[in-house]
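J.: coords please:
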Amino acid sequence: MRITYQYRLRLTQKQIDTFEHWLELCRRQYNYRLAERFNWWEQNRCDVNRCSIVCCSIAPLKDQPNRWSQQKDLANTKAIFPEYEELVSHTLQDVIARVDKTFGRWLKGDCNRKKSGRPRFKGKGRYRSLTFPDPVKPEHIQGNLIQLPKIGKVKAILHRPIPNGFKIKRATITRKANGWYIGFNLEDMTVPSLITDVIPTPDNTVGIDLGLKSFLVTSGNQTINIPQYYRKAEKRLKRLQRQLSRKHMGSNRRKKAAKRVAKTHLKVANQRKDFHYKTALWLLNQSQVIAHEKLNIKGLVKSKLAKSITDAGWGQFLQILNIKAASAGCLVVAVNPYGTSQECSDCGAIVPKVLADRWHYCQCGASYDRDHNAARNIKHRAAGHPVLLKAREMSNPLGGVT
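T.: Sure thing, here's the model as predicted:
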């Protein structure tokens, strides 16, 4: 089992300067190795996949740069640029591993064959993290001091202890708008991967309908209001952005104004993440199985409601919900969203509605809030009990006996 703990650092000015210099060196190395791969791709790609037996001589293809060949070339980099001797070798190797990962996802895709966009070169200040892949031993942590290679001891705020039995596999230094942080990747081989064997039933399942009027409504008609942190910070952000636009390019005042804008955005992101974690834990305390709609969030953010959907952060919430459910031994089920708002959760009849219709009325006598009706339908689909079969059983006086 692997988890990540993040702590805030209290660095001296000399340590900050050293880390910033290392980040700049890593940024240059990242761009250089990415350019190598782009040059190979541009020179060797060809749409022609066959040719005649008799043809003119063709220049041999160049060797494709890969992770291992580029790591081997780091010795030449250090010989030409002595400043790279300051960096830890494994940290430089991690830079090439990042290039290999992002370039591979562009050409081949990830494990689900999902391709990413064309990799971009990192501009100044855009490379924000350093990774130390070597394990941090327990003796390297003494109180609130952490021993790191080639930098010495750094002071951290250890607001929670490292769990017993977990080993620190790697450490990552990250620069954020409000300071520097260190993240420990912890592993315990004795703890198995948490795979739940919970089976969805009507008794242990709760359905949730995500929305913009309310953040979510459960099948039990419990409502969580949407906080709209970005909407509340828009007025301040508008003023700060206006101040930033008036500053001269490259001036110290512009850097300070940009930092104020970045801190405000970071605060909004932290508030939203805290809300998502608390909501996910509240849901997992309600039931063992959480059912939700399988939403196409990337498509939805291209609509007129893009700002509100992004402010709600449905994607981040569902990701956090899945992670916390796996840790708690619970199950999260995604169901087909088609018709959840139009179907009656009592009889299964289709009741057409437009977005402005916020209440569900049916000829069978059912009367629910639109989101509550959708949450009930989501629960029925996840629990494996179709609404029509449920309606037949309710209409049969002998409980389904024919």
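J.: Secondary structure of Arg376: a strand, I assume?
T.: No: counting by DSSP: H, G, I helix; E, B strand; the rest coil, Arg376 is not found in a strand; it is helix.
J.: And the helices in the stretch 301-402 of the chain?
T.: Assigned helices in the stretch 301-402 of the chain, in chain order: 306-312, 314-328, 370-382, 387-395 (criterion: DSSP state H, counting those that start in this stretch).
J.: Distance to Lys176 and mean pLDDT added to these, as CSV?
T.: Bear in mind the C-beta positions are built from the backbone N, C-alpha and C, glycine included. Formatted as CSV, those follow (distance: least, Cβ to Cβ, whole Å; pLDDT from 0 to 100):
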stretch, distance to Lys176, mean pLDDT
helix 306-312, 20, 93
helix 314-328, 17, 91
helix 370-382, 36, 90
helix 387-395, 48, 51
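J.: any idea how far Ile350 lies from Ala375?
T.: 18 Å (Cβ to Cβ, to the nearest Å).
J.: where along the stretch 251-400 of the chain do the strands fall?
T.: 289-293, 331-335, 359-361, 367-369 (DSSP state E, counting those that start in this stretch).
J.: Then the stretch 101-250 of the chain?
T.: Using DSSP E, counting those that start in this stretch, strands in the stretch 101-250 of the chain cover 129-132, 141-142, 145-148, 152-157, 167-176, 179-187, 205-210, 216-218, 223-224.
J.: that older thread, out of Ile350 and Ala375, which sits in the busier spot?
T.: The neighbour comparison of Ile350 against Ala375 (other Cβ atoms under 10 Å) goes to Ala375, with 31 against 10.
J.: residues touching that one, list them.
T.: By Cβ atoms under 8 Å, 6 or more residues apart in numbering, the contact set of Ala375 is Gly207, Ile208, Asp209, Val217, Thr218, Ser219, Asn221.
J.: How about Ile182?
T.: With contacts defined as Cβ under 8 Å, 6+ apart, the neighbours of Ile182 are Gln6, Tyr7, Leu9, Ile146, Val154, Ala156, Ala171, Thr172, Ile173, Thr174.
J.: How many residues are close by the closest residue to Asp369 other than its chain neighbours?
T.: Nearest residue to Asp369, sequence neighbours excluded (Cβ to Cβ, 6 or more residues apart in numbering): Trp359, at 6.3 Å. Using other Cβ under 10 Å, Trp359 has 11 neighbouring residues.
J.: so Trp359 sits right up against Arg370, yeah?
T.: Yes: between Trp359 and Arg370 there is a contact at 6.2 Å, judged by Cβ atoms under 8 Å.
J.: hmm, back to that, can you tell me which of the strands of the stretch 101-250 of the chain comes nearest to Gly339?
T.: Across the strands of the stretch 101-250 of the chain, Gly339 has its closest neighbour in strand 205-210 (12.9 Å, Cβ to Cβ).
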